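Undergrad: Give the three-dimensional model of this entry:
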Amino acid sequence: VEARLDGVLAATRTLAATEEVRSGQWARMSGPLAVLAANVDEQAAVWFALPDGSYFTVDKGATGETLRERAYFPALMAGRDVVGALVVSKSTRQRALIVATPVLVDGEVAGAVGVSMDAAKLAASIDRAIRFPADVVFYALDEQGQTALHRAGELIFVFPSDVGSSTLSDAVKTMLSRPEGVVHYRYAGSERTALFHRSELTGWIFVLGKSHPPGDQP
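TA: Below you'll find the predicted structure:
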């Protein structure tokens, strides 16, 4: 997962350093951004945003909308990369995760290049690539405890603490408070044991575990 996101981040950084993107002119940068869009399988939209929040996408050009209210936007305008912010895409209305980097001109932020990756498609592609057995649990939580990735697509963007048992809520609290460890909880009629580790790249907590049938001690 991190390799895929880091690869997309590297691509946005490369584009952000080009004269076409640094020009701030959509007509000049739309071609190079379209190349990125064609090479990111899980992308929902590739976009360029101006400091006022207005933005363009490869598919639509000028959107007439703004990103100013997005929680991640101030970080971009402060000159920091964004990797893994969860949103419902304005362009596609799909659940998406953001990978974006600021565009600097003479040391000042002149905009940002970003990719809104389809979260469900990314999760499905990871599941196909790894081929976990049915009793293996794998998912990722963001820093607020919201599900960023899950092999069950309907659970993406759900807060596990809202839909599971009290033991799952306690497990989520533990995972949010520590960089790594082991948790035990009950969910969907089975006992589960899981390892968790916080990603330095995204801040997400990756969880890998195993479900145990009733009566089977972990």
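
Undergrad: those helices in this structure, which residues are they?
TA: Using DSSP state H, the helices found in the chain span residues 2-16, 19-22, 26-39, 73-77, 119-130, 160-163, 166-177.

Undergrad: Show me the shaky parts of the chain.
TA: Per-residue confidence of the chain (counting by pLDDT under 70) places the weak regions at 43, 213-218.

Undergrad: what's the closest non-adjacent residue to G181?
TA: Nearest non-adjacent residue to G181, counting by C-beta to C-beta, 6 or more residues apart in numbering: F196, 6.1 Å away. C-beta: built from backbone N, CA, C; applies to glycine.

Undergrad: And that neighbour, how far from R128?
TA: 23 Å (C-beta to C-beta, to the nearest Å).

Undergrad: So for those two, which residue has more residues nearby?
TA: A count of neighbours by other C-beta atoms under 10 Å puts F196 above the other of F196 and R128, at 23 against 9.

Undergrad: Pull stretch 10-27 out as CSV, backbone CA atoms only.
TA: Written as CSV, here are the backbone C-alpha positions of stretch 10-27 (Å, rounded to 0.1, in the frame of the first residue of the first chain):
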residue,chain,number,x,y,z
ALA,A,10,6.8,10.9,-6.4
ALA,A,11,4.9,11.5,-9.6
THR,A,12,3.0,14.5,-8.3
ARG,A,13,6.3,15.9,-7.0
THR,A,14,7.9,15.5,-10.4
LEU,A,15,5.1,17.2,-12.1
ALA,A,16,5.0,20.0,-9.5
ALA,A,17,8.6,20.8,-10.5
THR,A,18,8.0,21.1,-14.2
GLU,A,19,7.8,24.5,-16.0
GLU,A,20,4.3,23.6,-17.4
VAL,A,21,2.8,23.2,-13.9
ARG,A,22,4.8,26.0,-12.3
SER,A,23,3.3,28.3,-15.0
GLY,A,24,-0.1,28.0,-13.4
GLN,A,25,-1.7,27.8,-16.9
TRP,A,26,-4.0,24.9,-17.3
ALA,A,27,-3.6,24.8,-21.1
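
Undergrad: Give me the buried positions along that stretch.
TA: Residues 11-12, 15-16, 20-22, 26 are the ones in stretch 10-27 that count as buried (16 or more other C-beta atoms under 10 Å).

Undergrad: returning to that earlier point: if we compare the helices of the chain, which one ends up closest to A112?
TA: Set against A112 and scored by C-beta to C-beta, the helices of the chain come closest in helix 73-77, at 4.5 Å.

Undergrad: helices or strands up against the closest one?
TA: With contacts taken as 3 or more C-beta pairs under 8 Å, 6 or more residues apart in numbering; DSSP states H and E, helix 73-77 sits against strand 95-105, strand 108-118.

Undergrad: Out of the ones you listed, which is closest to L86?
TA: Relative to L86, the nearest member of the helices and strands packed on helix 73-77 by C-beta to C-beta is strand 95-105, separated by 5.7 Å.

Undergrad: relative orientation of the closest one and helix 26-39 in degrees?
TA: Here strand 95-105 runs at 140 degrees with respect to helix 26-39, directions being taken by axes from the mean of the first three to the mean of the last three C-alpha atoms, to 10 degrees.

Undergrad: Sheet partners, orientation included, of strand 95-105?
TA: Paired neighbours of strand 95-105 in the sheet (DSSP bridges): strand 82-88 (antiparallel), strand 108-118 (antiparallel).

Undergrad: quick one on the thing from earlier: export the helices of the chain to TSV and tack on distance to G64?
TA: Output for the helices of the chain, formatted as TSV (distance: least, C-beta to C-beta, whole Å):
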stretch	distance to G64
helix 2-16	23
helix 19-22	21
helix 26-39	13
helix 73-77	17
helix 119-130	25
helix 160-163	34
helix 166-177	38
